[in-house]
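In: Would you be able to build a 3D model of this:
(chains A and B)
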Amino acid sequence: NSKVIQTPRYLVKGQGQKAKMRCIPEKGHPVVFWYQQNKNNEFKFLINFQNQEVLQQIDMTEKRFSAECPSNSPCSLEIQSSEAGDSALYLCASNLGDEQYFGPGTRLTVL
Amino acid sequence: QQKVQQSPESLSVPEGGMASLNCTSSDRNFQYFWWYRQHSGEGPKALMSIFSDGDKKEGRFTAHLNKASLHVSLHIRDSQPSDSALYFCAANSGTYQRFGTGTKLQVVP
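Out: Numbering: from 1, shown residues only, chains lettered A, B, ... in the order given. Reported below is the predicted structural model:
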């Protein structure tokens, strides 16, 4: 069973508010991914890290989204000014080799 | 944009029956496919990967890959109610995974 921990499980924000979620990857997994899963169950890759350094990120995350994965601290994903379209399940995953282990996700609702 | 299409969108099979799920990638740079299962309220869980042409069997699950057509299928024999979930395939191109559109499987007792 996956030991990726995500907090909080549920997050409710008003439009324009900041939304921050955290992820503790499995111990020893060097690569961490963030995905957005929308209400149609479609996955969108947001950003990934290897040993605290950003490997890739999509354009969306370069604007209102910010993420970091400091050593000895949880990884985090923050939306600076939430929009209704950001309502989704945010999934964190860590990799050992080519297998991804997912956390349970943070369900964000933007009112 | 490269796509990973899955079919059918939803599938209902009787308990003990065979469930067959399909997935096709338009990305010829893929290295391998993964199948994931996601139960309601949980994150996806990896079931199995396949990168060679032909079949790969793990317990009740068999994946079949045809690299020429970029098509992969997942067959679940002796389906159980606990198999009811969303199933995703993911094409891995070496940089990151591109997930498919998902198939909702319901196993009816």
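In: What residues does chain A have near chain B?
Out: Residues of chain A found near chain B (Cβ under 8 Å from any Cβ of the partner chain) are A:2, A:4, A:6, A:33, A:35, A:41-43, A:45, A:48, A:56, A:91, A:93, A:98-105. Glycine gets a C-beta too; all of them are placed from N, C-alpha and C.
In: And the residue of chain B that's closest to chain A?
Out: The minimum distance from chain B to chain A, using Cβ to the nearest Cβ, falls at residue B:43 (3.3 Å).
In: which ones are touching the spatially closest residue to that residue that is not a sequence neighbour?
Out: Leaving aside its sequence neighbours, residue B:43 sits nearest to residue A:102 (Cβ to Cβ, 6 or more residues apart in numbering or on different chains; 3.3 Å). Going by Cβ atoms under 8 Å, 6 or more residues apart in numbering or on different chains, residue A:102 touches A:2, A:4, A:91-93, B:43-45.
In: looking at those, which has the most residues close by?
Out: residue A:92 (30 neighbours; other Cβ atoms under 10 Å in any protein chain shown).
In: can you tell me which two in the contacts of residue A:102 are farthest apart?
Out: Farthest-apart pair in the contacts of residue A:102 is A:92 and B:45; separation 14.0 Å (Cβ to Cβ).
In: still on that earlier bit, which phi and psi does the residue nearest to residue B:43 have?
Out: Dihedral angles of residue A:102 (phi, psi; degrees, to the nearest 10) stand at phi -100, psi 150.
In: Likewise for residue A:58?
Out: Dihedral pair for residue A:58: phi -90, psi 170, per degrees, to the nearest 10.
In: lowest average confidence, helix or strand, in chain A?
Out: Within chain A, no helix or strand scores below helix A:59-63, which has a mean of 70 by mean pLDDT, DSSP states H and E.
In: List just the nearest of the contacts of residue A:102 to residue B:17.
Out: Closest to residue B:17 out of the contacts of residue A:102 is residue B:45 (22.1 Å), distances taken as Cβ to Cβ.
In: which ones are touching that closest one?
Out: Contacts for residue B:45 were tallied using Cβ under 8 Å, 6+ apart; they are A:2, A:102, B:36-39.
In: just residue A:29 next, same as before
Out: A:94-96, A:101.
In: Can you flag the buried ones in the residues you listed?
Out: Neighbour counting with 16 or more other Cβ atoms under 10 Å in any protein chain shown marks A:94-95, A:101 as buried within these.
In: Near residue A:8, how many other residues are there?
Out: 12.
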